[in-house]
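1. Give me a model of this one.
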Amino acid sequence: MASSDAISSLYTRLQRNGYVVAEITSIGDVSVTRDDIETTHYDSDDGYKEYLPGLADGGEITIEGNFIVGDTNGQIGLKTDYEAGTVQSFELALPNAANSSWEFSAIVNAFGETQPNGDKIGFSVTMKVTGKPVLIIDDGSTGLTTPYFTLSGEISGAITPSPAASGSIYLYSATAGGSDTYVTVTPTAAAGVIKVNGVTKASGVGENVTTPATTTTPVFISVKETSKAPKIYKINITRP
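-> Below you'll find the predicted structure:
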């Protein structure tokens with residue numbers, strides 16, 4: 001029997017307006033449907049109903065996760081979108097070899113925060129897709145290019161990530177110096193829009209990321225070329 005080509009959904013990322021939403025544990029289906037218009041008449045062949053294609057619907061998407069109150073532009077941004085009735089842009093990047101993604105606009109119809117007894121505090125969001133969600137299947141995105149990215153502590157200087165920086169590895173860890181109140185993250189990409197934690201940066205220009213003591217700070221680097229799916233890299237920076 002042939003082995004399956006299925007892959008794990010681990011490292012799927014949802015971006016809200018270019019910012020990765022933190023610690024999502026479940027993402028509902030992106031499911032498009034179409035209405036049908038009945039056109040049956042007295043002379044319909046063999047007594048079968050007839051139809052025309054009607055309007056298409058992008059559907060609803062529900063997400064759940066660990067509630068992170070400090071995720072200002074991700075989880076808290078979704079709450080802000082709900083309050084303001086904002087039509088927001090989203091990208092759902094999938095971790096497959098084809099580097100595919102869904103791109104869509106949506107309104108937040110529901111935002112909830114849960115605190116079950118003896119369990120983690122969570123959140124849930126329901127989004128209604130407006131307009132056409134676009135599935136991009138493209139394996140030609142370049143992503144980060146040599147030297148990919150560098151890390152430099154405020155006091156300690158150069159920091160080496162593990163594993164070594166690469167354009168085809170998407171998860172890293174690094175340790176800042178005990179006195180480094182920030183780490184400068186400098187990405188390099190030959191093409192596309194580069195964002196570090198949602199902030200647009202030119203190639204080779206650093207972004208200072210605050211690193212609180214005794215905390216692990218997630219840093220996301222996104223590279224998005226026109227009409228191609230984004231490549232998203234995560235660096236967990238720990239400051240002792």
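
2. Tell me, how many residues neighbour the closest residue to residue 140 other than its chain neighbours?
-> Leaving out its chain neighbours, the residue that sits closest to residue 140 by Cβ to Cβ, 6 or more residues apart in numbering is residue 228, at 6.5 Å. C-beta coordinates here come from the backbone N, C-alpha and C atoms, glycine included. Close neighbours of residue 228, defined as other Cβ atoms under 10 Å, add up to 21.

3. Next one: residue 228 from residue 25, what distance?
-> 28 Å (Cβ to Cβ, to the nearest Å).

4. repeat for residue 208
-> 30 Å.

5. Which one's more surrounded, the two?
-> residue 208 (14 against 11).

6. Might one say that the more buried one is in contact with residue 183?
-> Yes - with contact defined as Cβ atoms under 8 Å, residue 208 reaches residue 183; the gap is 7.5 Å.

7. From residue 187, how far out is residue 197?
-> Counting by Cβ to Cβ - residue 197 and residue 187 are separated by 11 Å.

8. before we move on, what about residue 18?
-> Applying Cβ to Cβ to residue 18 and residue 187 gives a distance of 14 Å.

9. Looking at residue 197 and residue 187, which is more packed in?
-> Using other Cβ under 10 Å, the more surrounded residue of residue 197 and residue 187 is residue 187, with 27 against 20.

10. For the more buried one, give me its contacts.
-> Residues in contact with residue 187 (Cβ atoms under 8 Å, 6 or more residues apart in numbering) are 144, 148, 149, 194, 196, 201, 203, 221, 223.

11. if we go to 7 Å?
-> Contact analysis of residue 187 by Cβ atoms under 7 Å, 6 or more residues apart in numbering lists 144, 149, 194, 196, 201, 203, 221.

12. Among those residues, which one lies nearest to residue 214?
-> residue 196 (22.9 Å; Cβ to Cβ).

13. Now do the same contact list for that closest one.
-> By Cβ under 7 Å, 6+ apart, the neighbours of residue 196 are 185, 187, 207, 219, 221.

14. Restricted to strands, list the residues you listed.
-> Judged by DSSP state E, strands contain the following of these: 185, 187, 207, 219, 221.

15. Pull the most distant pair out of those residues.
-> Most distant of those, by Cβ to Cβ, are 187 and 219, 9.9 Å apart.

16. on that earlier part again, separation between the residue nearest to residue 140 and residue 101?
-> Residue 228 is 9 Å from residue 101, by Cβ to Cβ.

17. Mutual contacts of the two, please.
-> residue 136.

18. picking up where we left off before, would you mind listing which of the contacts of residue 187 are buried?
-> 144, 149, 194, 196, 201, 221 (16 or more other Cβ atoms under 10 Å).

19. Turn these into JSON lines, columns for pLDDT and distance to residue 31.
-> Converted to JSON lines, those look like this (pLDDT from 0 to 100; distance: Cβ to Cβ, whole Å):
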{"residue": "144", "pLDDT": "97", "distance to residue 31": "32"}
{"residue": "149", "pLDDT": "98", "distance to residue 31": "35"}
{"residue": "194", "pLDDT": "97", "distance to residue 31": "32"}
{"residue": "196", "pLDDT": "97", "distance to residue 31": "32"}
{"residue": "201", "pLDDT": "97", "distance to residue 31": "35"}
{"residue": "221", "pLDDT": "96", "distance to residue 31": "30"}
